[in-house]
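Participant: Just need the structure, nothing else, for what follows:
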Amino acid sequence: MTIDDLDTPCLLIEERRLSENLGRMQRRARVEGLALRPHTKTHKMVALASMQRSCGAQGITVAKAGEAAVFAREGFDDICIAYTVVGRDKLERIAGLPASVSFCVDSLEAAQQASAVFSGRQCEAQVLLEVDSGYGRCGRRWDDPLLVRFAQAVADLPGLVLTGILTHEGNAYQPGQARHVMVETRDRMLDVAVRLGSAGVATPGKFTVSVGSTPSACCFRNTHRGDFRITEIRPGNYVFNDMIQVNLGVCTLQACALTVLTTVISRHRDPDGTERFFLDAGRKVLTSDLAPLSGMYGKLLYSSSRMVPHPHARLISLSEEHGWGVVPGGGTFAVGDRVRVVPNHACVTVNTQDEVYVVDGDHVKAVWRVDARGCVQ
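Facilitator: Residues are numbered from 1 along each chain as shown. Below is the predicted model:
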């Protein structure tokens, strides 16, 4: 099968670029003395998670209890839900999984609810204290004077074992900020670990200190604070990369392994000579996320084999089923032409599809199911 046999729109994964991305991040983790616990929310595929494990990943990260269930059924036995879990149904589901599953808490109410479920089953849950290291989303602020007291309260609850602290430095997704945020996050998390160690809540060498984002992971440098160090990173997007990563300067276009194969379905020329063309991939495939500094909805490729962008064509707008493109002065697109687009946000794009095609040039080598797609709980 070749890509000419595929209906559009569909997603293509370039096998060689994928392998290079996996190897590059695994080497960085090894050099910095870290465990790599990749976030599978980017791809949600058992086949790809198996590749990551074969490369040396230690466990996986998911965002939902439903995702944890999908991977647990496929034999993954070290799963972290990097999300604050609230709700008895979710907790009961986690408790029944045939795997070691940890999850986050950042409130006493959530911790007490988890304690009731797991102690009632006469078993223990591994929980991580979610820390807000500067992003401003969930988590106890890293400088909260009551943070140690909260950690002690969680550790004292029956049915729970406080095994570490976790943060997501989403503020690294700002132009030129990845290295600064990496250092700031690393140091703040180590400060928290030292404080918990001094209070007898954390033991060096047995306590997880987990950070995660692709921009910060790509430039991560480990260090020690007392007897503590960062123990793991949880990047997700690195497997594919996308135009967000390219425009942030995290990677080059040549490192983008995921493209959307789409077809030109209509074209029109305006009186000023501008050619308008329309693709069969809109928001429901490419998503409406914009990449920093571009204002575009993805990068149209002139040569997919060499990842050369089209010099003039721009993807300027999306409706639900249409991609709106323009070429000032006219272009070479004809109705029926196939075009490959590097999406702005790979994680959301993959979640729109039931399956993806692994390719080597124009040759289709495999079809992978997006196994955990649609797990919203």
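Participant: pLDDT below threshold where in this protein?
Facilitator: Along the chain, the parts satisfying pLDDT under 70 run over 330.
Participant: The top strand by length along it - which strands sit beside it in the sheet, and in what orientation?
Facilitator: Longest among the strand segments of the chain by residue count, using DSSP state E, is strand 258-269. Next to strand 258-269 in the sheet, as set by DSSP bridges, lie strand 10-14 (antiparallel), strand 275-279 (antiparallel), strand 338-342 (antiparallel).
Participant: Can I get it in CSV? Just the C-alpha atoms.
Facilitator: C-alpha atoms of strand 258-269 as CSV (Å, rounded to 0.1, in the frame of the first residue of the first chain):
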residue,chain,number,x,y,z
LEU,A,258,3.3,13.7,12.0
THR,A,259,1.6,15.2,9.0
VAL,A,260,-2.0,15.4,7.8
LEU,A,261,-2.6,14.2,4.3
THR,A,262,-5.3,16.2,2.7
THR,A,263,-6.8,16.9,-0.8
VAL,A,264,-7.5,20.1,-2.6
ILE,A,265,-11.2,20.1,-3.2
SER,A,266,-11.8,23.6,-4.6
ARG,A,267,-9.9,26.6,-6.0
HIS,A,268,-10.8,30.1,-7.1
ARG,A,269,-9.0,33.1,-8.3
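Participant: Now do the residue positioned nearest the centre of the chain against residue 156, distance only.
Facilitator: Centroid-nearest residue in the chain: residue 236, 3.1 Å away (criterion: C-alpha atoms, centre = their mean). In this view, residue 236 and residue 156 are 33 Å apart by C-beta to C-beta, to the nearest Å. Backbone N, C-alpha and C define where each C-beta goes, glycine included.
Participant: how about the helices in the stretch 251-377 of the chain?
Facilitator: Listed in chain order, the helices of the stretch 251-377 of the chain (DSSP state H, counting those that start in this stretch) span 283-286, 346-350.
Participant: Who is residue 360 paired with across the strands?
Facilitator: residue 363.
Participant: Surely it and residue 15 touch.
Facilitator: Yes. Using C-beta atoms under 8 Å, residue 360 is in contact with residue 15, at 5.2 Å.
Participant: So for the two, which residue has more residues nearby?
Facilitator: Neighbours per residue (other C-beta atoms under 10 Å) separate residue 360 from residue 15, with residue 15 holding more: 16 against 11.
Participant: Just confirm that one contacts residue 359, I think it does.
Facilitator: Yes. Using C-beta under 8 Å, residue 15 is in contact with residue 359, at 6.6 Å.
Participant: Common neighbours of these two, please.
Facilitator: Shared contacts of residue 15 and residue 359 (C-beta atoms under 8 Å, 6 or more residues apart in numbering): residue 365.
Participant: In the stretch 1-150 of the chain, what residue spans correspond to strands?
Facilitator: Using DSSP state E, counting those that start in this stretch, the strands of the stretch 1-150 of the chain run over residues 10-14, 35-36, 60-62, 78-84, 100-105, 125-132, 140-141.
Participant: Residue 160: neighbour count?
Facilitator: Residue 160: 21 neighbours (other C-beta under 10 Å).
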